[in-house]
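*Asks:* Sequence plus the predicted model coming up.
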Amino acid sequence: MVQLSYTKTAGKMVAMVSVVFTGMGAMLFDTIAYGAASAPNSEVVAATASSTTAVTVPTQSVANAQNTTGTNATGVPQPVSTTCMACHGMTGISPSGSMFPDLAGQWSPYLVKQLNNFRSHTRADPMAKAIMWGMAASLTPAQVQQVANYFSTQTPPKAKMANAKLAAEGKKIYEGGISNLHVPACMACHGPTGLGDPPYFPRLAGQRRAYVELQLHYFKKGLRTNDPHAIMRYVASRLTAPQITELATYVRSLPGGADE
């Protein structure tokens, strides 16, 4: 068995989900691309979980993934039942208190992109290197698609209001951006309900606050660089730590929806 353990930093879980912006036109993308933070910060943002969270993953899952393309008796893809579920849950809802994102209801094209980025090492943030590079390494293209399709059809996470005051401040940024810092509204890419727009802009509605917060810090410090045109690095570099927390709190409270 392979034991993966994560600890808490200064009594606070750090984590996040992307906040990207599309539908703004080529001019904005050009501005973002040239204005993006370039030099990665040497300080690594720690990936943490509440107190100490241990995740046990069967070693056979990685070894057998190469030869496994089917589903089990309940219709769950083999890679999900032998590997993914340890951190993300069998239906894509991660264990309570964990650092891992909920995958349920996420867009299949977005999941395919991220898994392929893990496989090619294009996504190289600390958690990707420590966990997902190894987990995705032996997946075949067919399995990548199979896993993505499966999680995309699961019931999305429910909204949760963790702190109404923080969420209210986060809503202002999400819906209106920060004009004096040239930060566009998050909903321009992720939609007013957090539904997202594949393959580049993930569903954010209901996503775990800690995960969203962590990923925003990764973008801010240049530790995650698989965002198109460096959009997220540009945006996150202009956000303060409190603003990142506010955004992550608001994202967690979004119920999402099929229509926008």
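*Replies:* Arrived safely.
*Asks:* so where's this protein uncertain?
*Replies:* For the chain, the stretches flagged by pLDDT under 70 are 1-69, 71-73, 257-260.
*Asks:* All the helices of it, residue numbers only.
*Replies:* 26-35, 59-65, 78-79, 85-88, 108-120, 126-127, 133-137, 141-152, 164-176, 187-190, 209-220, 231-236, 241-253 (DSSP state H).
*Asks:* So which bits of the last one are buried?
*Replies:* Buried residues in helix 241-253, counting neighbours by 16 or more other C-beta atoms under 10 Å, are found at Gln243, Ile244, Thr245, Glu246, Leu247, Ala248, Thr249, Tyr250, Val251, Arg252, Ser253. Any C-beta I mention is one placed from the backbone N, CA and C, and that applies to glycine too.
*Asks:* list the helices and strands that helix packs on?
*Replies:* helix 164-176, helix 209-220 (3 or more C-beta pairs under 8 Å, 6 or more residues apart in numbering; DSSP states H and E).
*Asks:* Could you quantify the relative orientation of it and helix 209-220 as an angle?
*Replies:* Relative orientation of helix 241-253 versus helix 209-220 (axes from the mean of the first three to the mean of the last three C-alpha atoms, to 10 degrees): 130 degrees.
*Asks:* Can I get helix 241-253 in PDB, CA atoms only?
*Replies:* Extracted C-alpha coordinates of helix 241-253, given in PDB (Å, rounded to 0.1, in the frame of the first residue of the first chain):
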ATOM      1  CA  ALA A 241      -4.500  36.600   0.400                       C
ATOM      2  CA  PRO A 242      -7.800  37.800   2.100                       C
ATOM      3  CA  GLN A 243      -9.400  38.400  -1.400                       C
ATOM      4  CA  ILE A 244      -8.400  34.800  -2.400                       C
ATOM      5  CA  THR A 245     -10.100  33.500   0.800                       C
ATOM      6  CA  GLU A 246     -13.200  35.600   0.000                       C
ATOM      7  CA  LEU A 247     -13.500  34.300  -3.500                       C
ATOM      8  CA  ALA A 248     -13.000  30.700  -2.400                       C
ATOM      9  CA  THR A 249     -15.700  31.200   0.200                       C
ATOM     10  CA  TYR A 250     -18.100  32.600  -2.300                       C
ATOM     11  CA  VAL A 251     -17.400  29.800  -4.900                       C
ATOM     12  CA  ARG A 252     -18.200  27.200  -2.200                       C
ATOM     13  CA  SER A 253     -21.600  28.900  -1.700                       C
END
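*Asks:* what comes into contact with it?
*Replies:* Helix 241-253 has contacts (C-beta atoms under 8 Å, 6 or more residues apart in numbering) with 15-17, 19, 159-163, 166-171, 173-174, 178, 186, 194, 204-210, 212-213, 216-217, 220, 236, 239.
*Asks:* among these, which ones are buried?
*Replies:* 15-17, 19, 163, 166-167, 169-171, 173-174, 186, 194, 204-210, 212-213, 216-217, 220, 236, 239.
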